[in-house]
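Asker: One predicted model, sequence on top.
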Amino acid sequence: MARILIAEDDASMRQFLAMALEKAGHTVTLCENGILALQTIETDPAYDLLLSDIVMPGIDGIELSRKAVAVAPTLKVMFITGFAAVAAENGAENDAKILSKPFHLKDLVDQVGQLLAA
């Protein structure tokens with residue numbers, strides 16, 4: 001399955017996401033903010049997917065995605081946010097998937113599967 005890097009500043013949400021994706025067979029690395037996620041990608045760019053919150057301290061998800069894709073051009077990006085309209089207006093990349101909170105775990109796994117298959 002896929003290697004997924006999760007950038008999410010809420011600890012319970014990170015665990016929620018990891019549990020669902022690991023149960024679906026993916027390998028997951030967790031980062032508590034965008035700065036750590038970018039350092040992780042720079043050290044090991046062999047991730048298939050960046051799953052990132054948009055609103056985080058330090059580097060927000062949109063800036064993180066731009067920098068991460070510059071390091072790993074084949075990296076796919078999915079944003080999770082309660083502010084989907086704001087994300088679309090403020091520069092979320094056209095090929096990035098946006099999953100709006102709240103969502104069901106099945107929706108997350110299905111959307112990740114579709115994005116990875118595309």
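Answerer: Sure, I can see it.
Asker: Give me the buried positions along stretch 106-118.
Answerer: Neighbour counts over stretch 106-118 (16 or more other CB atoms under 10 Å) mark Leu108, Val109, Gln111, Val112, Leu115 as buried. Backbone N, C-alpha and C define where each C-beta goes, glycine included.
Asker: what packs against the helix or strand where the last one lies?
Answerer: This points to Leu115. Take DSSP states H and E as the rule and Leu115 turns out to sit in helix 105-117. With contacts defined as 3 or more CB pairs under 8 Å, 6 or more residues apart in numbering; DSSP states H and E, the packing partners of helix 105-117 are helix 11-23, strand 49-53, strand 76-81, strand 97-100.
Asker: hang on, isn't Gln111 packed against Met78?
Answerer: Yes - contact criterion CB atoms under 8 Å: Gln111 and Met78 qualify, at 6.8 Å.
Asker: Need the residues touching each of these two.
Answerer: Lys97, Leu99 (CB atoms under 8 Å, 6 or more residues apart in numbering).
Asker: Nothing else from me, thank you.
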